[in-house]
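Colleague: what follows is a predicted protein model with its sequence.
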Amino acid sequence: HQLSAIEQLPEELVHKVIDFTPETIISLKLVCKSLRVVVDNYVRQSRAIPIVQLMEIHHLGFDYALLSISIEIFIDTTDLFESRLKHHLGRKFAVTRITRDIRKQPKRYYVDFKPSEDMIVLVQLNTCFGGMHNGMSSLGSIGEVQLHVCKQSVRTHIQCLLKGINIDNLLVTGNIYEHDVDFILNLISTHKVDGLTLKVVKTIVPDPVEVLHILSSRVRTLNLHQMRIGEDERAMFGMQEADWARIILGMFTPERKLDTLKIVNHVNTVWIQADAEAELRRSLPGLVKKVWFEGIRHQFLEEIEYIDRDYSVQVSHTKLSIKHTSRAIEPFTPSTTRITFVQL
Amino acid sequence: PNVKLVTSDNEEFVVDFRIAKMSVTVSRLMEAMNMSETDDASLLSNSIPLPNVTKAVMARVIEWCEKHKNDEPKEEKENDKRGRTTHVVSDWDKEFLKNDEFGRLCQLMGAANYLEIKGLFNDISQTIANMIHGKKSDEIAEMFNIHCDLTEAEKKEIRKKTAWCED
């Protein structure tokens, strides 16, 4: 029989069409033999479309040998992801579990495996997520990743899993040591991270202010969230009684990338002093950069709200907010793409 | 200034320099042949051979380019929150592509790909994807006039392989 027009198209062009409608891969496979082959080849490849909305990575087992990954997939790419999983991981000895939870929408998948027994699993999972291990250069982004890890040795696995995937927002939770800062900076540059959320417990770095300034030069959005420490509740990002007005103004200097900053501390609610707040209210509205700043704290100050030099300033018992009027109603994290790195 | 483009069936099209530059492929060829906007002699003495595009398809490509020659550069593709690539096809483009029967649409897609005209290529890809979206295999086969050469046993095997192991 004569081939139809779509069957005569080069495979690469049909793949481009599938990028626009990946939810139809099973229907297309059932149309005819030639389309089945085209779809099978599509499944084997990494494509520049987002697949993963959320990813959590845990380390399990007696010696942390088991890597457990939970993945939430975009609605339209679930069939594609399942096909990729089966193609790449179906018969891997190192994979101890692949299950899914269809009660959740979008569907959630669980993959447990031992990287030490088969490192190639990391490479193949990366391909399932849209990474670049198969040699492609233009690739997609990942939704949200949560890494529950506690060993530096895991970092090689994380880098392998995320190779070639861009991330809008990185979230780090736990204690922050100097080597963590290096790792975070590496992730920011490698994955083109635009926003960073630090949910910190202890901060043990030689110069916390310098760390904040370096981070402010690398990301556009920073969310600094001080968690309960237990020992010294007055400490805030490794500092006690710091001059937060000076630090914050230093983070917003013109040469730095940062233009959005949120600081939250529900433990030490007086982390910023009234005179520092007054300084921020005086100096931030003078900045040419259209800054968005919010500090969550507790002060028994008179509640006021006013506009000063194109900046909206709000002072309440729980919050100090200084935002350029063009950004006054902007939500803190507009991006939906996020990576979460949780240290236990 | 005008540029001469010659199709596979030896038809010569004389197009505005701006239109010629909308194709990355033509731009590269002009550069390789030292053809520049300010050098009329180079444009008059040379023509760009396009062996992968026929006269009929080229006419459609030029019609699309004429409409879009003054467009501002824009991000051609965006990924939506459902996990697929989306591209907004304008009303004019929808009407333009509606006039082509499917075989011609595929030829136009091949030409847009060869000429590297991203906007036209994405318009066509999105249009074909919209035609497929939400359809069952037999509906797709009927729509595109595809003869299904899969046996029932083969279809059953595909369904079995694509089903989740717990199902």
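Modeller: Received, thanks.

Colleague: after the lowest-mean-pLDDT helix or strand in chain B, next one along is what?
Modeller: Within chain B, no helix or strand scores below strand B:78-79, which has a mean of 54 by mean pLDDT, DSSP states H and E. Using DSSP states H and E, the next helix or strand after strand B:78-79 towards the C-terminus is strand B:85-86.

Colleague: can you show me the strands along the chain?
Modeller: Looking at chain A here, since you left the chain open. Under the criterion DSSP state E, chain A contains strands at A:52-60, A:66-73, A:95-101, A:108-113, A:144-149, A:169-177, A:195-204, A:221-226, A:260-265, A:292-296, A:304-308, A:311-315, A:319-324, A:338-343.

Colleague: actually, chain B is the one I wanted.
Modeller: For chain B, the strands defined by DSSP E occupy B:2-7, B:12-16, B:47-50, B:78-79, B:85-86.

Colleague: quick one: B:Asn113 and A:Leu9 touch, right?
Modeller: No. Between B:Asn113 and A:Leu9 there is no contact, the gap being 9.5 Å when judged by CB atoms under 8 Å. Every residue, glycine included, has its C-beta placed from N, CA and C.

Colleague: about what we covered before: export the strands of chain A to JSON lines and tack on mean neighbour count and distance to chain B?
Modeller: Listed next are those as JSON lines, based on neighbours: other CB atoms under 10 Å in any protein chain shown; distance: least, CB to the nearest CB, whole Å:
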{"stretch": "strand A:52-60", "mean neighbour count": "20", "distance to chain B": "7"}
{"stretch": "strand A:66-73", "mean neighbour count": "22", "distance to chain B": "7"}
{"stretch": "strand A:95-101", "mean neighbour count": "16", "distance to chain B": "6"}
{"stretch": "strand A:108-113", "mean neighbour count": "20", "distance to chain B": "10"}
{"stretch": "strand A:144-149", "mean neighbour count": "22", "distance to chain B": "12"}
{"stretch": "strand A:169-177", "mean neighbour count": "20", "distance to chain B": "15"}
{"stretch": "strand A:195-204", "mean neighbour count": "20", "distance to chain B": "17"}
{"stretch": "strand A:221-226", "mean neighbour count": "21", "distance to chain B": "19"}
{"stretch": "strand A:260-265", "mean neighbour count": "21", "distance to chain B": "21"}
{"stretch": "strand A:292-296", "mean neighbour count": "20", "distance to chain B": "23"}
{"stretch": "strand A:304-308", "mean neighbour count": "11", "distance to chain B": "33"}
{"stretch": "strand A:311-315", "mean neighbour count": "19", "distance to chain B": "29"}
{"stretch": "strand A:319-324", "mean neighbour count": "20", "distance to chain B": "25"}
{"stretch": "strand A:338-343", "mean neighbour count": "22", "distance to chain B": "13"}
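
Colleague: residue closest to the middle of chain B?
Modeller: Centroid check for chain B by CA atoms, centre = their mean gives B:Met109 as the closest residue, at 2.8 Å.

Colleague: that one reaches A:Leu13, doesn't it?
Modeller: Yes. Counting by CB under 8 Å, B:Met109 does reach A:Leu13; the two are 5.9 Å apart.

Colleague: my guess is B:Asn2 contacts B:Ile19, does it?
Modeller: No. No contact is recorded between B:Asn2 and B:Ile19 when judged using CB under 8 Å, the distance being 9.2 Å.

Colleague: re earlier: present the strands of chain A as CSV; the columns should include mean pLDDT.
Modeller: Formatted as CSV, the strands of chain A follow (pLDDT from 0 to 100):
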stretch, mean pLDDT
strand A:52-60, 77
strand A:66-73, 84
strand A:95-101, 73
strand A:108-113, 86
strand A:144-149, 60
strand A:169-177, 81
strand A:195-204, 88
strand A:221-226, 93
strand A:260-265, 95
strand A:292-296, 96
strand A:304-308, 95
strand A:311-315, 95
strand A:319-324, 96
strand A:338-343, 47
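
Colleague: B:Lys136: which of those strands is closest?
Modeller: Closest approach to B:Lys136 among the strands of chain A (CB to CB): strand A:66-73, 22.4 Å.

Colleague: which neighbours does that closest one have in its sheet, and in what orientation?
Modeller: Strand A:66-73 sits in its sheet next to strand A:52-60 (antiparallel), strand A:108-113 (antiparallel), going by DSSP bridges.

Colleague: any idea how far it is from the chain center?
Modeller: Centre-to-centre, strand A:66-73 and its host chain are 15 Å apart (CA atoms, centre = their mean, to the nearest Å).

Colleague: okay, the angle between that strand and strand A:95-101?
Modeller: Angle, strand A:66-73 to strand A:95-101, by axes from the mean of the first three to the mean of the last three CA atoms, to 10 degrees: 30 degrees.

Colleague: any idea how far chain A is from the residue nearest to the centre of chain B?
Modeller: B:Met109 sits 6 Å away from chain A, taking CB to the nearest CB, to the nearest Å as the criterion.

Colleague: contacts only, for that residue.
Modeller: Applying CB atoms under 8 Å, 6 or more residues apart in numbering or on different chains, we find B:Met109 in contact with A:Leu9, A:Leu13, B:Phe121, B:Ile124, B:Ser125, B:Ile128.

Colleague: so what pLDDT did it get?
Modeller: We note a pLDDT of 96 for B:Met109 in this prediction.

Colleague: same question for the one 5 residues further on.
Modeller: The score at B:Tyr114 is 96. That number is its pLDDT.

Colleague: hang on, it packs against B:Val57?
Modeller: No. Taking contacts as CB under 8 Å, B:Tyr114 lies outside contact range of B:Val57: 9.8 Å.

Colleague: more neighbours: which of the two?
Modeller: Taking other CB atoms under 10 Å in any protein chain shown, B:Tyr114 and B:Val57 do not tie; B:Val57 has more neighbours (23 against 17).

Colleague: I'd assumed B:Cys106 was in contact with that one.
Modeller: No. B:Val57 lies out of contact with B:Cys106 (CB under 8 Å); the separation is 10.2 Å.

Colleague: need the helices for chain B, in chain order.
Modeller: Using DSSP state H, the helices of chain B run over residues B:17-21, B:24-32, B:40-45, B:55-68, B:91-98, B:102-115, B:118-132, B:137-143, B:152-162.

Colleague: which stretch among the strands paired with strand A:66-73 approaches A:Gly131 most closely?
Modeller: Using CB to CB, the nearest of those to A:Gly131 is strand A:52-60, at 10.1 Å.

Colleague: thinking again about what came up before, out of the strands of chain B, which one sits most buried?
Modeller: The highest mean neighbour count among those, using mean count of other CB atoms under 10 Å in any protein chain shown, belongs to strand B:85-86: a mean of 22.

Colleague: neighbours of B:Ser45, how many?
Modeller: Around B:Ser45 there are 11 residues (other CB under 10 Å).

Colleague: please report how far it lies from chain A.
Modeller: Going from B:Ser45 to chain A by CB to the nearest CB gives 34 Å.
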